[in-house]
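# A predicted structure for the sequence below; I have some questions about it.
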Amino acid sequence: MVAFAVLELVTRGLVAAKALQQREPDPGIILAALSLSNAFEEGSMEGNYEDIAPGMYPGHRWFAEIQEVGSNGLFQIRVATYNERRRSQNPVEISGQFFRPLSKPGSASKGMQ
């Protein structure tokens, strides 16, 4: 009877530990994927992590914004990730700048070519 009590205690402890373990996706995954393009176009896009890693990050979504910051083809990409169930929490954000001279002119170049 003592052995079953100890096994139940261990099982409950493992279940509790797993419930505390929260995996948060890294927005760098999306930034890296977007940076592979040879040309950017200003705008925004969003999606969920189920498309990238099914079952790994349930309920997590990402939002990306691409903006030209220099008239010479310098673009900034800002990526934010958030959990749909806990929207009150601040999203995790990352940004990077990339030189893509083959891109369409954006707001920084005012449409000039």
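Ah, there it is. Residues are numbered from 1 along each chain as shown.
# Pop out the phi and psi values for the residue minimising distance to the centre of the chain.
Geometric centre of the chain, nearest residue: Pro27, 3.0 Å, by CA atoms, centre = their mean. Per-residue torsions, Pro27: phi -70, psi -10 (degrees, to the nearest 10).
# I'd say it and Ile77 touch.
No - judged on CB atoms under 8 Å, Pro27 makes no contact with Ile77 at a distance of 10.2 Å. The way it works is simple: take the backbone N, C-alpha and C, and place the C-beta from them, glycine included.
# what sits against the residue nearest to the centre of the chain?
Contacts here follow CB atoms under 8 Å, 6 or more residues apart in numbering; on that basis Pro27 touches Trp62, Val79, Ala80, Thr81, Val92, Glu93, Ile94.
# Check what pLDDT it gets.
Per-residue pLDDT puts Pro27 at 90.
# likewise Gly111?
With respect to pLDDT, Gly111 has a value of 53.
# Over to Gln21?
pLDDT, Gln21: 68.
# in this structure, which helix or strand is least confident?
helix 2-20 (a mean of 84; mean pLDDT, DSSP states H and E).
# Can you list the buried residues in the helix or strand that comes right after that helix?
Following helix 2-20 in sequence order, the next helix or strand is helix 28-34 (DSSP states H and E). Neighbour counts over helix 28-34 (16 or more other CB atoms under 10 Å) mark Ile29, Ile30, Leu31, Leu34 as buried.
# and which of those residues is nearest Pro58?
Of all these, Ile29 has the smallest distance to Pro58: 15.6 Å, by CB to CB.
# what about Ser107, is that helix, strand or coil?
Assigned with DSSP: H, G, I helix; E, B strand; the rest coil, Ser107 falls in the coil class.
# In this protein, where is pLDDT below threshold?
Along the chain, the parts satisfying pLDDT under 70 run over 19, 21-22, 87-88, 111-113.
# give me the number of residues near Phe98?
When neighbours are counted by other CB atoms under 10 Å, Phe98 registers 16.
# Determine the three-state secondary structure at it.
Here Phe98 is recorded as strand under three-state DSSP.
# Wait, it touches Arg78, no?
No - applying CB under 8 Å as the test, Phe98 and Arg78 come out as separate, 12.0 Å apart.
# All set now, cheers.
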